[in-house]
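Visitor: Sequence and predicted structure below; questions after.
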Amino acid sequence: MEFTYPDAVRGVYVTGHSAGGSRFESLIDLMDKTDLNSMVIDVKDDWGNITYQDEKSEYKDIGKSYIKDPRAMLERLEEEEIYPIARVVVFKDSVLSKSKPELSYMEGNEVWANGSGESFVNPFLKEVWDYNVGIAIEAAKMGFQEIQFDYVRFPEGFEKRDTELKYSMGEYAEMDEDNVQKRVHAVTDFVAYAKEQLEPYDVDVSVDIFGYTATLPEAPGIGQNFTKISEHVDVISSMIYPSHWTSYFGIAKPDLEPYNLISEYAKLENTKLGELENPPVSRPWLQDFTASWLGAGNYMEYGKAEVEAQIKALQDQGINEYLLWNAGNNYTESADFTP
């Protein structure tokens with residue numbers, strides 16, 4: 001497939017269910033009517049399922065029939081000049097944790113799960129790396145032009161339970177570093193390894209990362225170091241939804257100030273990426289949903305003005321690429337996506 005890389009990627013997140021159903025046509029129509037030009041499509045979802053079935057795939061046992069014919073889907077995207085990105089959720093993987101508990105974290109005799117009932121696999125283990133890189137290679141061979149790795153991290157708050165759970169540190173056990181640095185090494189090494197393994201397939205590699213990691217030397221529990229990860233990717237996609245920040249940058253209620261929050265973050269990120277010899281493209285995730293769970297007075301309805309404010313804030317700081325997140329894939333069609 002011969003896709004043309006857009007001058008600036010402006011995309012939306014698409015679940016496997018949407019990519020395989022009637023919603024897909026409405027999203028294509030949205031691309032046709034607006035300046036949006038890319039879809040980030042689930043290939044391996046948040047539970048660890050592959051979103052299509054292929055009898056020839058070594059991952060067929062975990063395949064779901066959400067996307068009936070992925071090759072036909074990609075051909076349609078090529079026809080519509082829509083840039084396709086494969087989202088591969090890496091270390092959050094309840095499916096693999098259940099089938100191979102030794103690759104996860106044990107709490108007593110059970111695989112540990114977070115408050116949402118989700119389990120993670122262990123970034124210290126090379127077998128987990130190869131499992132996910134194999135899925136990424138399959139997506140690249142299929143025709144996706146970019147692989148976006150998500151959940152490239154340990155579980156949130158892992159520093160509070162890292163000595164309580166039972167798990168292997170693999171070769172990292174021998175490192176003369178504290179556990180925080182061991183986690184940083186494991187996560188960064190996975191990204192570097194994945195980039196290297198994908199080189200023969202002529203795809204870009206991107207990683208989703210928590211926005212707050214750019215404000216710290218490294219996030220102590222999850223193992224994400226913004227600078228080190230950025231050194232090994234073509235694209236870095238910080239998740240900077242205003243609703244997900246507390247009182248950072250002197251902004252007491254970030255969800256109420258989308259322009260200011262995104263602008264202040266972008267200034268910080270530009271400084272950090274400017275320190276790198278070969279910085280990746282910045283393509284942050286923006287908010288196209290309403291965070292009502294924040295409670296009255298802490299959130300507002302997000303629509304045309306709020307989406308445009310975030311995009312404008314990036315543009316004003318020289319960042320021209322972005323991705324929109326809405327878990328239900330219902331995007332603000334009235335927005336000007338290049339305000």
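Guide: That came in fine, so what should we check first? Please read these numbers as outputs of a predicted model, since none were measured by experiment.

Visitor: Go ahead and list the helix or strand containing residue 236.
Guide: Secondary structure from DSSP states H and E places residue 236 in strand 235-239.

Visitor: next one: residue 208
Guide: With DSSP H and E as the test, residue 208 turns up in strand 204-210.

Visitor: now that strand: how far from the chain's centre is it?
Guide: Centroid separation for strand 204-210 versus its chain: 6 Å, with Cα atoms, centre = their mean, to the nearest Å.

Visitor: just stretch 207-221 next, same as before
Guide: On the basis of Cα atoms, centre = their mean, stretch 207-221 sits 13 Å off its chain's mean C-alpha point.

Visitor: pull the CA atoms of it into PDB?
Guide: Taking C-alpha atoms only, stretch 207-221 is exported to PDB below (Å, rounded to 0.1, in the frame of the first residue of the first chain):
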ATOM      1  CA  VAL A 207       4.500   6.100  22.000                       C
ATOM      2  CA  ASP A 208       1.700   7.500  24.200                       C
ATOM      3  CA  ILE A 209       2.900   8.900  27.400                       C
ATOM      4  CA  PHE A 210       1.400  10.700  30.500                       C
ATOM      5  CA  GLY A 211       1.700  14.400  30.100                       C
ATOM      6  CA  TYR A 212       2.900  14.900  33.600                       C
ATOM      7  CA  THR A 213       6.000  12.900  32.900                       C
ATOM      8  CA  ALA A 214       7.400  15.900  31.000                       C
ATOM      9  CA  THR A 215       7.200  17.900  34.300                       C
ATOM     10  CA  LEU A 216       9.400  15.400  36.200                       C
ATOM     11  CA  PRO A 217      12.800  13.800  35.800                       C
ATOM     12  CA  GLU A 218      10.800  10.500  35.600                       C
ATOM     13  CA  ALA A 219       7.600   9.200  36.900                       C
ATOM     14  CA  PRO A 220       8.700   7.000  39.900                       C
ATOM     15  CA  GLY A 221       6.100   4.200  39.800                       C
END
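
Visitor: Return the mean pLDDT over it, rounded to an integer.
Guide: In this model, stretch 207-221 has a mean pLDDT of 93.

Visitor: Stretch 16-25: which residues count as buried?
Guide: Across stretch 16-25, burial judged by 16 or more other Cβ atoms under 10 Å covers 16-20, 23-24. (C-beta placed from N, C-alpha, C; glycine too.)
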